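A.B. asks: here is my input, please return the structure:
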Amino acid sequence: MKRSDSQLEHILHAYVDGELADPEKRRLLVRMENDQSLRQRVCELRATKEWIKFAFEGETAPTRPAPIERSPLHDMPMLRVAAKQWPCPSR
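C.D. replies: Now for the predicted structure:
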């Protein structure tokens, strides 16, 4: 898929999801008036979205406790060595 195809696909998804800004939406609608394949792709995306909504209707996301966030420094071996109690040399 070319970059321009990927960008267009992103725009189409945003349009179907109702997340497209008005100026971009106008440009897309004008383009869709003259491009049957673009209109067909939008229809396919809308149908897919409806099937997904139907498939998960009434479902709830599983809940679980939030993971404990640990500092990345916690796992550094150098800090473990520095924190270890070393015997002091006799003077």
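
A.B. asks: please identify the buried residues of stretch 40-56?
C.D. replies: For stretch 40-56, a neighbour-count test (16 or more other CB atoms under 10 Å) marks 41-42, 45 as buried. All C-beta atoms are positioned from the backbone trio N, CA, C, and that covers glycine.

A.B. asks: wait, what's in contact with the closest residue to Leu28 other than its chain neighbours?
C.D. replies: Excluding the flanking residues, the one nearest Leu28 by CB to CB, 6 or more residues apart in numbering is Tyr15, at 5.7 Å. The contact partners of Tyr15, by CB atoms under 8 Å, 6 or more residues apart in numbering, come to 25, 28, 42.

A.B. asks: in JSON lines: these, plus secondary structure.
C.D. replies: JSON lines is the format used below for those (DSSP: H, G, I helix; E, B strand; the rest coil):
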{"residue": "Lys25", "secondary structure": "helix"}
{"residue": "Leu28", "secondary structure": "helix"}
{"residue": "Val42", "secondary structure": "helix"}
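
A.B. asks: how many residues are close by Leu8?
C.D. replies: 16 (other CB atoms under 10 Å).

A.B. asks: I'd say Leu45 and Leu12 touch.
C.D. replies: Yes. The pair Leu45 / Leu12 is scored as a contact, 5.9 Å apart, by CB atoms under 8 Å.

A.B. asks: and the helix or strand hosting Pro23, what's buried?
C.D. replies: Assigned by DSSP states H and E, Pro23 falls within helix 22-33. Using 16+ other CB under 10 Å as the test for burial, helix 22-33 gives 28, 32.

A.B. asks: give me the distance between that helix and the centre of its chain.
C.D. replies: Relative to its parent chain, helix 22-33 has a centroid offset of 24 Å by CA atoms, centre = their mean, to the nearest Å.

A.B. asks: could you do stretch 34-41 as well?
C.D. replies: For stretch 34-41 - counting by CA atoms, centre = their mean - the centre lies 26 Å from the chain centre.

A.B. asks: ok, residues contacting it?
C.D. replies: 12, 31-32.

A.B. asks: nearest to Pro62, of those?
C.D. replies: Of all these, Leu12 has the smallest distance to Pro62: 30.6 Å, by CB to CB.
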